[in-house]
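[1] build me a model from this:
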Amino acid sequence: MKDTILFGDCRDTLKQFDEKARCCVTSPPYYGLRDYGGESNQIGQEQSPEEYIEEMVNVFRLVRDNLTDDGTLWLNIGDSYYNYRPGKGGLPQQTVSNTKQDLPDQCNRRANKLEGLKEKDLIGIPWMLAFALRADGWYLRQDIIWHKPNPMPESVKDRCTKSHEYLFLLSKNKHYYYDNDAIKEPAKDWGTRDRTNGKYHNKGTGLQPHSGLTKSYPTKNKRSVWSITNKPYKEAHFAVFPPDLIIPCIKAGSEKNDIILDPFMGSGTTAMVAKSLGRHYIGCELHEGYGKLIKNRIGELRGTLKEFL
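    Numbering: from 1, shown residues only. The predicted structure is shown next:
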């Protein structure tokens, strides 16, 4: 079932795959972001953050079942602010403003005021989810900051403009596949030490090298803050998963010919990057109407990724 996307609710379709993926790279629907239409139980449309987190835990429990024993999960998730205002007819109306790159239609839901949240509170969805997944058996290995050099402007005057989201690395087991060399970064020349005369050679940096360093290294371990510009895709009305964000996840989390899983395939960026890197993909997507969009992206954009590989 390689290179296959199953259409329908991922809580059902994830049970149908007959091959294991080496890693999962995904960005699920954010809490309160958008009504995709046609489904009454869409993920992201829950009445409270706690209900949303519970559904996410259930989804990623199925994801874990579809991973090899040394598999990893790379999970991008954004946060939300809570605003509570009275609705028409005396009913309360809850709106959640989201920090995702595009300008989504707000999801206006009639609901009781959420316990424990005050107007303008940052809900803390990413860490709520990360801790819940850890409690469910995942190993929470790292939080990576996706820094956006081109964030969506905000009109707020009582806090900074949001310019980051989280990318969590979780593993199925204590020991897992991680190719550190595949995503190393170029290193600056920190200088060398000549043990024969005790002198330091530090070219152009103005920095004192570490004691005992005998040679310079061309690369260094990838850092946990990734500056990646969000690039819109004209055929999609929503913010697509940037290929630059997915590439290091797949490179570090898999080998050639491995299978990459995305239970929220959307416009198909994960599949496109997987094929471009010599991997296979499997995935799920709620709306079958995205099928043509996904096929077009895989066919048209694979060649444009050469600059990243």
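
[2] what are the ranges of the helices in the stretch 151-300 of the chain?
    243-253, 269-276, 291-301 (DSSP state H, counting those that start in this stretch).

[3] winner for burial among those helices?
    helix 269-276 (a mean of 26; mean count of other Cβ atoms under 10 Å). From N, CA and C alone the C-beta is placed, and that goes for glycine too.

[4] can you measure across stretch 156-168, start residue to end residue?
    27 Å (Cα to Cα, to the nearest Å).

[5] what does it contact?
    73-79, 99-100, 126-127, 129-130, 133, 140, 142-149, 151, 153-154, 226, 245, 249 (Cβ atoms under 8 Å, 6 or more residues apart in numbering).

[6] what is the rounded mean pLDDT of that stretch?
    In this model, stretch 156-168 has an average pLDDT of 93.

[7] give the buried residues for it.
    Counting neighbours by 16 or more other Cβ atoms under 10 Å, one finds that the buried residues in stretch 156-168 are 162-168.

[8] do the same with stretch 133-147
    Neighbour counts over stretch 133-147 (16+ other Cβ under 10 Å) mark 133, 138-139, 141, 144, 146 as buried.

[9] ramachandran angles for Asp9?
    phi -60, psi 130 (degrees, to the nearest 10).

[10] adjust the sequence numbering to begin at 42 for everything that follows.
    Yep, numbering from 42; the last one is Asp50 now.

[11] what residues are up against the nearest residue in space to Tyr219 that is not next to it in sequence?
    Leaving aside its chain neighbours, Tyr219 sits nearest to Ala293 (5.7 Å; criterion: Cβ to Cβ, 6 or more residues apart in numbering). Contact analysis of Ala293 by Cβ under 8 Å, 6+ apart lists 219-221, 223-224, 263.

[12] who wins for most neighbours among those residues?
    Ranked by neighbour count (other Cβ atoms under 10 Å), the contacts of Ala293 have Ile224 at the top, with 18 neighbours.

[13] just the pLDDT for that residue.
    On the pLDDT scale, Ile224 gets 97.

[14] so who does it touch?
    263, 289, 292-293.

[15] identify the farthest-apart pair in those residues.
    Farthest-apart pair in the contacts of Ile224 is Lys263 and Lys292; separation 9.8 Å (Cβ to Cβ).

[16] give me the contacts around stretch 48-60.
    42-43, 47, 80, 82, 84, 96, 99-100, 103-104, 106-107, 300, 302, 304-305, 323, 325-329, 332.

[17] so where's the chain shaky on pLDDT?
    Within the chain, the stretches with pLDDT under 70 are 74-82, 125-153, 230-257, 273-280, 341-350.

[18] okay, and the beta partners of the residue sitting nearest the centre point of it?
    The residue lying closest to the centre of the chain (Cα atoms, centre = their mean) is Asn117, at 1.9 Å. Counting by DSSP bridges, Asn117 forms beta bridges with Leu208.

[19] check contacts around it.
    67-68, 187, 206-208, 282, 286.

[20] longest helix in the protein, by residue count?
    What stands out as the longest helix in the chain, according to DSSP state H, is helix 90-106.

[21] okay, helices next: where are they in the stretch 42-191 of the chain?
    Assigned by DSSP H, counting those that start in this stretch, the helices in the stretch 42-191 of the chain fall at 51-54, 90-106, 166-176.

[22] next, format the ones you listed as CSV and append distance to Ala62.
    Formatted as CSV, the helices of the stretch 42-191 of the chain follow (distance: least, Cβ to Cβ, whole Å):
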stretch, distance to Ala62
helix 51-54, 13
helix 90-106, 8
helix 166-176, 17
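
[23] closest one to Asn214 among the ones you listed?
    Across the helices of the stretch 42-191 of the chain, Asn214 has its closest neighbour in helix 90-106 (9.8 Å, Cβ to Cβ).

[24] and the closest one, what other elements does it pack with?
    helix 51-54, strand 108-118, helix 166-176 (3 or more Cβ pairs under 8 Å, 6 or more residues apart in numbering; DSSP states H and E).

[25] mean neighbour count, the ones you listed: which tops it?
    Note that of the helices and strands packed on helix 90-106, strand 108-118 is the most buried (mean count of other Cβ under 10 Å), with a mean of 21.

[26] alpha carbons only: can I get that one in CSV?
    Extracted in CSV, the C-alpha atoms of strand 108-118 (Å, rounded to 0.1, in the frame of the first residue of the first chain):
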residue,chain,number,x,y,z
LEU,A,108,5.1,3.0,12.9
THR,A,109,8.0,0.7,13.1
ASP,A,110,9.5,0.0,16.5
ASP,A,111,12.2,2.6,15.9
GLY,A,112,9.8,5.1,14.4
THR,A,113,9.4,8.8,15.2
LEU,A,114,6.7,11.5,15.1
TRP,A,115,7.4,15.0,14.0
LEU,A,116,4.4,17.1,15.0
ASN,A,117,3.9,20.8,14.0
ILE,A,118,1.2,22.5,16.1
